[in-house]
Structures are given as structure tokens and as C-alpha cells.
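Peer 1: return a 3D structure for these sequence lines:
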Amino acid sequence: MNDLYPSLLELARRRKSCRSFRETDTVGEAEVEQLLAVAARSPFASGRSQWKVAVVRERERIRALAAEVRARAEALAAGMDAEQAAFFRRYAQSFCFFEQAPLLLVPYCRETATMKSMLRENATPDILEWEHDNLTKSLSCVSMMLLLAAESLGLGACYMTGPLLAGKAVNGALGLQDFFLVGAIIPVGHKEEAAR
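Peer 2: Below is the predicted model:
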């Protein structure tokens, strides 16, 4: 057995989604560089490396993102019957706990239309969906590397796709143009003792 396997297995066993962070917390620049160095080793569709990770520390930007997610969730709830809306509102509350984190890592890439440009009028919806899914899955690989790196540094993190229901408003809150595809919101910070 390779000597690295037991360490990797233990790291994977220890990793849990962290949804609560120390109130007065910071994640240092050296830690961020270490996280990004691991993410840089992630596989990506077609071997491309045109993805990036946005590093968001500004409280105003994080609050703006949470406000966009809340607004979109409320707009969706308004179109439901009362019982469904009540259930959805409770569920959607979990989409914004990232607001208390000192750091957000947001993997993203440019949404490409390679198949559309090659196939032109022969590009079918299923092929375009396949291309989109390839990018989404590749961003998930980047996210997993970030989660394992965070655990290796003793940091808490959580893979969040719920906030993405706000669509391109997420891009706006993060200062990204609409043609970028966001893969997840990953809050990062030092774990509270009772973190779950």
C-alpha cells in the first residue's frame, strides 16, 4: 500500500461540512495561498486551466451576495402555495449561512460555446447541455480539492450550491461578468468547537 493512502483516507474521514465559524475570525494570506496551490492541481475538462477561484473577504460583498440569495429565494417562495412556501423558506435559510464566514472561495470559469461554434446550426440542446455539464463537473473537482486542502490546514469549509439559485445575481454580487459560470460558494474559516 502506498504510504500516502492512509493519510488521504484519514483526511477524507475527518472532513465534514462546517457551517459555523468563529465570530472574529480571519484566514491568513499564507493559508489562502496553500488552498489555491492545492486547487491548482485539479483536473479540468479538456485539460484546460482557464478556471479561477475568486477570493472574497470583503464583508460588504459577502452581505450583498447573501441579500441576492435571500431575495431570489423569497421571489420563488412567493410563487408557491402557502404550505410549500413555508417549507421552502425554512429550507432556503441554509443557503445564506456563508454570510458569517471570514472568507469565501468561489471557483468559476468562462462559459464556453465551443460546440456551438463548431457545429453551428447542428448544435443540439443535448450537446450544449453536455458541454455546460462538463464545466460544472470540472468546477466540482476544483471544489473538492479546496475542501480537502481546507481540512488538511485545520480549517472548516462547506460546499454550497444552494446560493446559486440566485443565478447571475451571484455573478454581480461577486463582481463577475455574466459569461462566467460559478461552480459553488465555499465558505472557509476556523471551526467552532460545536461546528457541524
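
Peer 1: show me where this structure dips below the pLDDT cut-off.
Peer 2: Within the chain, the segments meeting pLDDT under 70 span 1, 23, 46-49, 115-116, 119, 128, 132, 193-196.

Peer 1: run the chain-centre distance for whichever strand or helix holds residue 126.
Peer 2: Secondary structure assigned from DSSP states H and E places residue 126 in helix 125-152. For helix 125-152, the gap between its own C-alpha mean and the chain's C-alpha mean amounts to 10 Å (C-alpha atoms, centre = their mean, to the nearest Å).

Peer 1: stretch 179-195 now?
Peer 2: 6 Å.

Peer 1: C-alpha coordinates for it, PDB please?
Peer 2: Taking Å, rounded to 0.1, in the frame of the first residue of the first chain, the C-alpha atoms of stretch 179-195 are listed here in PDB:
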ATOM      1  CA  PHE A 179     -20.400  35.000 -19.100                       C
ATOM      2  CA  PHE A 180     -18.700  33.300 -16.100                       C
ATOM      3  CA  LEU A 181     -20.100  30.100 -14.700                       C
ATOM      4  CA  VAL A 182     -19.900  29.900 -10.900                       C
ATOM      5  CA  GLY A 183     -19.500  26.300  -9.600                       C
ATOM      6  CA  ALA A 184     -20.100  26.800  -5.900                       C
ATOM      7  CA  ILE A 185     -19.700  29.100  -2.900                       C
ATOM      8  CA  ILE A 186     -17.300  27.700  -0.400                       C
ATOM      9  CA  PRO A 187     -17.200  29.500   3.000                       C
ATOM     10  CA  VAL A 188     -13.900  28.900   4.800                       C
ATOM     11  CA  GLY A 189     -12.900  29.700   8.400                       C
ATOM     12  CA  HIS A 190     -11.700  28.300  11.600                       C
ATOM     13  CA  LYS A 191     -14.100  25.700  13.100                       C
ATOM     14  CA  GLU A 192     -16.100  26.500  16.200                       C
ATOM     15  CA  GLU A 193     -16.000  23.700  18.700                       C
ATOM     16  CA  ALA A 194     -19.600  22.900  18.000                       C
ATOM     17  CA  ALA A 195     -19.300  23.200  14.300                       C
END
